[in-house]
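A.B. asks: quick one, what's the 3D model for this:
(chains A and B)
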Amino acid sequence: MMGGRLERSALSGVLVREIVNFSSFWKSSAFSSTVQPTIYLLAFGFGFGSIVSRIGGYDYVDFVATGTVATGVLFASVFPAMFGTFVKYQFQRTYDAILAAPVDTEELVTAEALWIAARAGAFGSVPLLVGIVFGLDPSWGMLTVPLVGFLAGFGWGACGIMIAGLVKSIDGFSYVSSAILTPLFLVAGTFFPLDQLPQWAQVLGNFNPLFHCVQLVRHASFGWEGWADVGHLAVLVGFALVMWRAAIVFLERRLID
Amino acid sequence: MSQGLAIRLRGVVKRYGAITAVGGFDLDVPEGTCVGLLGPNGAGKTTTMKMLTAQAIADEGEITVLGHVLPEDSKAARAECGVVPQLDNLDVTLTAEQNLLVFAHLYRIGRHERRAAIDWALDLANLTERRATRVDKLSGGMRRRLLIARALVHRPRLLLLDEPTVGLDPQVRQELWALIDGLRSEGTSILMSTHYIEEAQRLADTVTIMSHGREVATGPPAALVAEHAGAQAVEVYGPPARLSEVEAAARASGARTRRTGTSISVLGDGHGLEGERRPANLEDVFVLLTGEEIA
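C.D. replies: I've put the predicted structure just below:
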């Protein structure tokens, strides 16, 4: 039922299930969530970096290392959320068992999104560490990057849960990832700055939550920019809230007849 | 009003688009008894089970589970219920013990009681020695027992079993029957859906026969048989032409008959027919009342 109370014991029950399961597959999950963005970082950082030395006022390697954090957060949140949710309700029927216990859909979705957010915050920060190895200067502000990753990961995780609630079959994910997620991932200021794009693309880029995540990570690493960052943060908070409620609505439609 | 009833359904209707899965269903499960919900596939048994945990919401009617009115108070009801689903949904990469640990948390067993509850459930399901085995390495029978143990780890007052032995070999089925019978004798209320006549006859104190989403008859298995099918039946075997002949003759003399595959069953003392005498059973009742074969 909608709008119920989020009970701590229900949330922790779902989280315990994820944590116990994670202990049996954390290696593959950590591997795929960190190696993929690291490859992007190395390929773009050193591939493009040999042609372009500075971009948008940053060394290109610094620019890409921080941009790749957002990519890492996206990979560690929206994809596991889409596939994990679909598998858990359609194939493993895990959610039937959980909802037969004293857990409501709202609590189930919230706990799953929190867990994905925690993973995204941790895995997403790996490119920064890799960047530091390759010459990125560490800064105190970087300590807030896992929190930014957590917030963006909550939004993207909830977005993935919502998509899983909407698709008719697992094939539906290929449309979503090629038509929606790939452009969002590229037009976010990760590998090239948005201000070199045509006006309309810049405007659209501002609607991309990933862009705001990239900006926050970059500013956390190289210096905050005051109200602009408050704006970026507000967009991420808004995105997380909207996706969270939408995920509950669409998954409940799937799970409760 | 629902004093002494673990489950009370009145006039429950559930539609899926144009299809009415459950159409005005009444059911009582008195506390401490085992009620069997008997019907063929598609009779509405699983939909009824889902409504009891608010995983399906009734369009009409009243549902009360352990004194809680559904769907509003379903969470409180679910906390006191154990559910054994028809489809195995254990976490297969986890061990037997880890599966129980997760559900000990989901069912809010306190930190200090958790270990004891898991040990008790493992012992009940005779899986103590397999506690550290991954589920995908357990046999089908062991997985079923673990599924039941998982539903019982928090000592529920009411157990909901949806086709608990479907797809299992006869020996494993009997093992589970012993387990379920043990629970009933300890006072757990049980609602069990099944399409196995023998299962209902052996385990249920009361059977409700369900067909096309409605209750057709309710009573203790023996009473239902006595009331609707009488004491005995004669089964006549023969080629199809002979069976049709027997059928026509028996009907002409007012006896009730039903086809049982290669034979024809004539209810009653046989009306002088040559055949195999056997006690009437619940299957006779079911077919006579609904006109359908059950399995």
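A.B. asks: hang on, residue A:201 packs against residue A:195?
C.D. replies: No. Contact criterion Cβ atoms under 8 Å: residue A:201 and residue A:195 do not qualify, at 10.1 Å. To be clear about C-beta, it is placed using only N, CA and C from the backbone, and glycine gets the same treatment.
A.B. asks: select the longest helix from chain A.
C.D. replies: Determined from DSSP state H, the single longest helix within chain A is helix A:8-42.
A.B. asks: now for the next helix or strand after that helix, which elements pack on it?
C.D. replies: Next helix or strand after helix A:8-42 toward the C-terminus (DSSP states H and E): strand A:54-55. Packing contacts for strand A:54-55, counted by 3 or more Cβ pairs under 8 Å, 6 or more residues apart in numbering or on different chains; DSSP states H and E, involve no helix or strand.
A.B. asks: so what strands line up beside strand A:54-55?
C.D. replies: Pairing partners of strand A:54-55, with direction, according to DSSP bridges: strand A:58-59 (antiparallel).
A.B. asks: give me the angle between the helix or strand following the partner strand and helix A:8-42.
C.D. replies: Toward the C-terminus, strand A:58-59 is succeeded by helix A:60-86 as the next helix or strand (DSSP H and E). Per axes from the mean of the first three to the mean of the last three Cα atoms, to 10 degrees, the angle that helix A:60-86 makes with helix A:8-42 is 140 degrees.
A.B. asks: so after helix A:60-86, what's the next helix or strand?
C.D. replies: helix A:94-100.
A.B. asks: name the residues that touch that following helix?
C.D. replies: The contact list for helix A:94-100 (Cβ atoms under 8 Å, 6 or more residues apart in numbering or on different chains) reads A:13-14, A:17, A:88-89, A:105, A:108, A:255-256, B:53, B:55, B:78, B:81, B:83, B:85, B:87, B:89, B:91, B:103, B:106, B:150.
A.B. asks: just the CA trace of that helix, in CSV.
C.D. replies: C-alpha atoms of helix A:94-100 as CSV (Å, rounded to 0.1, in the frame of the first residue of the first chain):
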residue,chain,number,x,y,z
THR,A,94,12.6,-13.4,-4.6
TYR,A,95,10.2,-10.4,-4.3
ASP,A,96,7.2,-12.7,-3.8
ALA,A,97,8.9,-14.2,-0.8
ILE,A,98,9.9,-10.8,0.6
LEU,A,99,6.5,-9.3,0.2
ALA,A,100,4.9,-12.3,1.9
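A.B. asks: what's the average pLDDT for that helix?
C.D. replies: The pLDDT scores in helix A:94-100 average 96.
A.B. asks: quick one: name whatever helix or strand follows it.
C.D. replies: Where DSSP H and E defines the elements, the next helix or strand beyond helix A:94-100 is helix A:105-124.
A.B. asks: just how off-centre is that next one within its chain?
C.D. replies: Centroid displacement of helix A:105-124 relative to its chain, using Cα atoms, centre = their mean, to the nearest Å, is 10 Å.
A.B. asks: quick one: it to helix A:60-86, angle?
C.D. replies: Here helix A:105-124 runs at an angle of 150 degrees relative to helix A:60-86 (the same axes, to 10 degrees).
A.B. asks: other SSEs contacting helix A:105-124?
C.D. replies: The contact analysis (3+ Cβ pairs under 8 Å, 6+ apart) places helix A:105-124 against helix A:8-42, helix A:60-86, helix A:94-100, helix A:145-166, helix A:227-255.
A.B. asks: now do the second one: distance to the chain's middle.
C.D. replies: Taking the mean of its C-alpha atoms, helix A:60-86 sits 5 Å from the chain's own mean (Cα atoms, centre = their mean).
A.B. asks: before we move on, the earlier item: show me which of residue A:201 and residue A:195 is the more surrounded one.
C.D. replies: residue A:201 (12 against 9; other Cβ atoms under 10 Å in any protein chain shown).
A.B. asks: what helix or strand does that one sit in?
C.D. replies: Element membership for residue A:201, per DSSP H and E: helix A:199-205.
A.B. asks: residues in contact with the next helix or strand after that helix?
C.D. replies: With elements assigned by DSSP H and E, the helix or strand that comes after helix A:199-205 is helix A:209-222. Under the criterion Cβ under 8 Å, 6+ apart, residues A:58, A:62-63, A:66-67, A:69-70, A:73-74, A:128, A:136, A:139, A:141-142, A:144-145, A:148-149, A:152, A:155-156, A:184-185, A:187-190, A:194, A:205, A:225, A:228-229, A:231-233, A:235-236, A:239 lie in contact with helix A:209-222.
A.B. asks: low-scoring stretches of chain B, by residue?
C.D. replies: For chain B, the stretches with pLDDT under 70 are B:1-3, B:270-271, B:292-295.
A.B. asks: quick revisit: starting at the chain centroid, how far to the longest helix of chain A?
C.D. replies: Taking the mean of its C-alpha atoms, helix A:8-42 sits 13 Å from the chain's own mean (Cα atoms, centre = their mean).
A.B. asks: mind listing what's buried in it?
C.D. replies: By neighbour count on 16 or more other Cβ atoms under 10 Å in any protein chain shown, the buried set for helix A:8-42 is A:10-18, A:20-21, A:30, A:33-34, A:36-38, A:40-42.
A.B. asks: ok, now stretch B:107-118?
C.D. replies: Of the residues in stretch B:107-118, those buried under the neighbour-count criterion (16+ other Cβ under 10 Å) are B:107, B:108, B:109, B:117, B:118.
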